[in-house]
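Q: got a sequence here, can you build the structure:
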Amino acid sequence: MLALLAAPVAAQDLSQESERQLLERVSTKKNGTDKAVFEELGGRKTRAAFQALKSSLSELTGNPGLKSATEAFRHFKGEPELERMAISTLYSVSQEAHLTRQRLSAAALSRFSSQAEDELTRIVDKSSDPVTRANALDGLLPALSSNATRKDLNFTLDAMRVTVTLTRAECLKGLKAFMENGPAKNFKDALSNKDLSASVRRMVLEAIASIPSDEYSAHLMDALKSKEDEIAHGALLALADRGWMDYGRELRKLIKHSDQAIRRDALVIQAELLASDPIFFDRLLDQADSDDHVERSAAAISLGTIRTQESMLALHRLLKDPDSGVKFQALQAVLAARKEASVPALIEVLQIERGLLMPTVSRNLQLLTAQDFGSSHSRWSAWWRDNSEKFTCPSIETAQAALAARAEIKASSKTRASFFGIRILSDRICFVIDNSASMLSKTKSGKTRLQAMQAQLIQTLRALPDSTLANLTFFAARIERWKDKLHSLNKGNRESAVEMIRAIGTGGATITYEGLLAGLEDPRVDTIYLLTDGHPAGGAMPRTSDILREIARRNTVRHVVINCISIGQDSTFLRKLAEQNNGTYTRVD
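A: From the prediction side, this is the model:
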């Protein structure tokens, strides 16, 4: 018998064994029992096999055995008498004190869906563990969304409030099913219900935005009044995507909103609605000269869509704006408009631009002309002098093909400074650094991650020119800053920064979101270098999907480049954060 148990499990062997022999395998191997043993018992669909499978649960305390055993009960679905016994068994295990047993049995029970509706409802309603609730809610969603009553919707939303592990895609699918099967009025108060978490309300908003009906548009109009910036902003963008024309007084209020992203997009939408009004064009030109950088940024977007000679002249002036976010927006608009007159304007900007946007100016020239003279103002000027009279902008496809045939664009920055291999192109930088307790883990070199960070950061600061404006923000359970705002790296300041780096300790939690907000707070910052070794934990926004969404929204006006360094492990979160904020991602060990 021992030899048999030591051998690899094969399907043909198991089919010849009795229930007692299969149970003996579990007694010997415990949590390491091969999944095929449990599948064999479930697949037999007999009372004896059911009893053996039920008995095996007492031998198991963890994975993979416990997961395989609970999942095997799905084979009894649809079997007379045995189905109800399987449901009763799994529900009983879900009520035990052992957390893993609770969670796995709830997940297995969800496979029975409507047949176990009463049991799943009790779990969602009574369990104190959010993962257990999530697993049970997964099985309830189809039935609840099919009924689509207001009571079922409120129950589901309340469950989602603390059901942190049910995937966003699953929640959205369920909410959309509610909308397809029930009246729009059921969702009337959901977006303003403060008892629901912000993440649940954001999902409700996203689901509403996907349904193209006037009733749901009315809900979006109500959401414009929300005191939560992300809800109001999401509703504004959703209505714009629908081609909504009648915002009434709400749009005029949003144009004066305190949130920069909302104000910018409200101004852009207003310009789209009034584009045919010649009087409004004069207002748009005045907006391009406003003291408010948000208004100028919105004007750049709007002028780029009008594309008349006068609008392009105003747009070209914005290419020299003192605010990097406005310049970035003007560069984007100029490239989209593809006008010959933009070539000399960009060449002129190339002569004066020395910061982070110089590569973008050069790249735009290349994409407008299909030529490549790097960042050399003199070479671009000479080419334009010889070719301006007969020049016509090629299509973007033609330009890209021509540039691809040449060598890769050479790096335009001459600085030797870098941070963990990511070259520093800016002179207005904030380093946002994780100093949580996990940074005390060892790297391959034998140093702790904290020591590796300290050595690299000090080396980077010493390599940067004195004229560089920089700041340091450390985050663990709280935020620690070197300065309240950017300071030049003269000798005294540089040594002060180095002293702080050497003295920094570690703490609990990893409040990544708050660290990023602190980095974005100074309006002069145009580049962030974020270094962390783990997932966010604690703080106002611990979920990575929420951080990605909110940072992208806040950065829609600023266009701050966020470079991300993951130390010790690969990070999908950091990779996405860098991608959506025009940065570079790297992993270091």
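Q: got phi/psi on residue 474?
A: Residue 474 adopts backbone torsions of phi -110, psi 140, taken as degrees, to the nearest 10.
Q: now do the end-to-end distance for stretch 116-134.
A: 15 Å (CA to CA, to the nearest Å).
Q: does anything pack onto the longest helix seen in the chain? Which helices or strands?
A: Taking DSSP state H as the criterion, the chain has its longest helix at helix 130-147. Secondary-structure packing of helix 130-147 (3 or more CB pairs under 8 Å, 6 or more residues apart in numbering; DSSP states H and E): helix 99-109, helix 117-126, helix 150-162, helix 168-181. All C-beta atoms are positioned from the backbone trio N, CA, C, and that covers glycine.
Q: deepest-packed of these, please.
A: helix 99-109 (a mean of 23; mean count of other CB atoms under 10 Å).
Q: let me have the helices and strands packed on helix 130-147 in TSV, adding distance to residue 32 and mean pLDDT as columns.
A: What follows is those, written out as TSV (distance: least, CB to CB, whole Å; pLDDT from 0 to 100):
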stretch	distance to residue 32	mean pLDDT
helix 99-109	15	93
helix 117-126	28	90
helix 150-162	34	78
helix 168-181	31	84
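Q: would you format these as JSON lines with distance to residue 55 included?
A: Formatted as JSON lines, those follow (distance: least, CB to CB, whole Å):
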{"stretch": "helix 99-109", "distance to residue 55": "15"}
{"stretch": "helix 117-126", "distance to residue 55": "21"}
{"stretch": "helix 150-162", "distance to residue 55": "33"}
{"stretch": "helix 168-181", "distance to residue 55": "33"}
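Q: to residue 193, which of the ones you listed lies closest?
A: Among the helices and strands packed on helix 130-147, the nearest to residue 193 by CB to CB is helix 150-162 (7.5 Å).
Q: report the backbone C-alpha coordinates of the closest one in PDB.
A: The C-alpha coordinates for helix 150-162 follow below in PDB (Å, rounded to 0.1, in the frame of the first residue of the first chain):
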ATOM      1  CA  ARG A 150     -34.200  47.400  -6.400                       C
ATOM      2  CA  LYS A 151     -33.900  45.200  -3.300                       C
ATOM      3  CA  ASP A 152     -31.500  42.800  -5.100                       C
ATOM      4  CA  LEU A 153     -29.400  45.700  -6.500                       C
ATOM      5  CA  ASN A 154     -29.100  47.400  -3.000                       C
ATOM      6  CA  PHE A 155     -28.100  44.000  -1.500                       C
ATOM      7  CA  THR A 156     -25.500  43.600  -4.300                       C
ATOM      8  CA  LEU A 157     -24.000  47.100  -4.000                       C
ATOM      9  CA  ASP A 158     -23.800  46.700  -0.200                       C
ATOM     10  CA  ALA A 159     -22.000  43.400  -0.600                       C
ATOM     11  CA  MET A 160     -19.600  44.900  -3.100                       C
ATOM     12  CA  ARG A 161     -18.800  47.600  -0.500                       C
ATOM     13  CA  VAL A 162     -16.800  45.200   1.500                       C
END
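Q: residues touching that helix, excluding its own?
A: The contact list for helix 150-162 (CB atoms under 8 Å, 6 or more residues apart in numbering) reads 121, 124-125, 130, 133, 137, 140-141, 144-145, 166, 171, 174-175, 178, 182, 186-187, 190, 193, 195-197, 200, 203-204.
Q: domain assignment for this structure?
A: 2-223, 338-412, 418-588 (automatic domain parsing).
Q: which among those domains is found nearest to residue 233?
A: Closest to residue 233 of those is domain 418-588 (CB to CB; 6.1 Å).
Q: how far does the helix or strand where residue 359 lies sit from the chain's center?
A: Assigning secondary structure by DSSP states H and E places residue 359 in helix 358-369. Taking the mean of its C-alpha atoms, helix 358-369 sits 29 Å from the chain's own mean (CA atoms, centre = their mean, to the nearest Å).
Q: other SSEs contacting it?
A: By 3+ CB pairs under 8 Å, 6+ apart, helix 358-369 packs against helix 324-337, helix 342-352, helix 396-405.
Q: most packed of those?
A: helix 324-337 (a mean of 23).
Q: quick one: contacts of that one?
A: Residues from elsewhere that reach helix 324-337, judged by CB under 8 Å, 6+ apart: 293, 296-297, 300-301, 303-305, 307, 312, 315-316, 318-321, 342, 345-346, 355-357, 360-361, 364, 367-368, 428, 526, 557-559.
Q: what's residue 430 sitting at in phi/psi?
A: The phi and psi values for residue 430, taken as degrees, to the nearest 10, are phi -130, psi 130.
Q: what residues are up against it?
A: Contacts of residue 430 (CB under 8 Å, 6+ apart): 470, 471, 472, 473, 486, 519, 522, 525, 527, 528, 529.
Q: can you add pLDDT and give those residues back as a markdown table?
A: Formatted as a markdown table, the contacts of residue 430 follow (pLDDT from 0 to 100):
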| residue | pLDDT |
| --- | --- |
| 470 | 95 |
| 471 | 96 |
| 472 | 97 |
| 473 | 97 |
| 486 | 94 |
| 519 | 95 |
| 522 | 92 |
| 525 | 92 |
| 527 | 93 |
| 528 | 96 |
| 529 | 97 |
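Q: in strands only, show me the residues you listed.
A: 470, 471, 472, 473, 527, 528, 529 (DSSP state E).
Q: now, of those residues, which are buried?
A: 470, 471, 472, 473, 527, 528, 529 (16 or more other CB atoms under 10 Å).
Q: this structure: strands as residue ranges?
A: Along the chain, the stretches classed as strands by DSSP E are 418-419, 422-423, 428-434, 469-475, 479-481, 487-488, 527-532, 561-567, 585-588.
Q: residue 434: how many residues sit nearby?
A: Around residue 434 there are 26 other residues, counting by other CB atoms under 10 Å.
Q: was I right about it contacting residue 534?
A: Yes - the criterion here is CB atoms under 8 Å, and residue 434 meets it with residue 534 at 7.3 Å.
Q: dump the residue contacts of the residue nearest to residue 511 when sequence neighbours are not counted.
A: Closest residue in space to residue 511, ignoring its immediate chain neighbours: residue 539 at 3.3 Å, by CB to CB, 6 or more residues apart in numbering. If you count contacts by CB under 8 Å, 6+ apart, residue 539 has them with 509, 510, 511, 512, 513, 514.
Q: nearest to residue 46 among those?
A: Comparing the contacts of residue 539 against residue 46 with CB to CB places residue 510 closest, at 50.9 Å.
Q: who's in contact with that closest one?
A: 434, 436, 438, 475, 476, 532, 534, 535, 536, 537, 538, 539.
Q: and those residues, which two are furthest apart?
A: 438 and 539 (15.3 Å).
Q: confidence score at residue 12?
A: pLDDT for residue 12: 48.
Q: over to the one 5 residues further on?
A: Taken from the predicted model, the pLDDT recorded for residue 17 is 91.
Q: okay, now it: neighbour count?
A: By other CB under 10 Å, the residues close to residue 17 number 15.
Q: torsion angles phi and psi at it?
A: Per degrees, to the nearest 10, the backbone of residue 17 is at phi -90, psi 150.
Q: sorry, back to before: which of the ones in strands among the contacts of residue 430 lies closest to residue 581?
A: Proximity to residue 581 was ranked across the ones in strands among the contacts of residue 430 by CB to CB; first place goes to residue 528, at 8.2 Å.
Q: am I right that that closest one is in contact with residue 519?
A: Yes - between residue 528 and residue 519 there is a contact under CB under 8 Å: 4.6 Å.
Q: overlap in contacts, these two.
A: With CB under 8 Å, 6+ apart, residue 528 and residue 519 have common neighbours 430, 432.
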